[in-house]
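> Coordinates for the following, if possible.
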Amino acid sequence: MSVKHGILALLRDRPGYGYQLRAEFEESTGSTWPVNIGQVYTTLGRLERDGLVAKTGEDAEGHVIYEITESGARELADWFARPITQAQRPRDELAMKLALAVTVPGVDVAVLVQTQREHAQSTLQELTRLKVRAAAPHLAWSLVLEAQIFQAEAEIRWLDHVEERVCRTNG
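Numbering: from 1, shown residues only. Below you'll find the predicted structure:
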């Protein structure tokens, strides 16, 4: 997800201002994607330039209020309708690291895999603790947390696979 689409989604139901949008963005992602206020205002400026949001005035405290335009609502609907492709996701640094590790002499890939597995297992335990401790969690936060749990589980499974392949290849 881009900050652009996150802001459009937040403005879909009601107008808002920068700091409010930042707080709602972080709340909806369970603070797993922190966004700085400069990023929010830069994005709002681009959205306004592109006709996707418009300033509607100021509130009593002097905050500039933005609302989504019809073009912005169409852009948001189009974004929700499109699948996220692999090309839109950031590269997988762990896959690149392991791919390089098997080609560089002197790198103990088994140790690298074990170190990464321990980290992934620790992350999985912490995420699971967060899920168990959460009393009636916000649905959006819960979905993000569960995605992270599934990703940690998948990473551990993939590391098991890598370890098996490296052992088979190296005898």
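> buried ones in the worst-scoring helix or strand of the chain on mean pLDDT?
Among the helical and strand segments of the chain, the one scoring lowest on mean pLDDT, DSSP states H and E is helix 93-101, with a mean of 85. Within helix 93-101, the residues that qualify as buried by neighbour count (16 or more other CB atoms under 10 Å) are Leu94, Leu98, Ala101. C-beta coordinates here come from the backbone N, C-alpha and C atoms, glycine included.
> give the contact list for Lys131.
Taking CB atoms under 8 Å, 6 or more residues apart in numbering as the contact definition, Lys131 lies against Pro137, Ser142, Leu145, Glu146, Ile149.
> Those residues, buried ones only, as a PyMOL selection?
Selecting in PyMOL just the buried members of the contacts of Lys131, where the criterion is 16+ other CB under 10 Å, is done with this command:
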select buried, resi 137+145+149
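> what's the domain layout of the protein?
Structural domains annotated on the chain: 3-87, 90-170, as defined by automatic domain parsing.
> and among those domains, the most buried is which?
Among those, domain 3-87 has the highest mean neighbour count (mean count of other CB atoms under 10 Å), at a mean of 15.
> Roughly how far does Gly6 sit from Gln114?
For Gly6, the distance to Gln114 under the criterion CB to CB, to the nearest Å works out to 37 Å.
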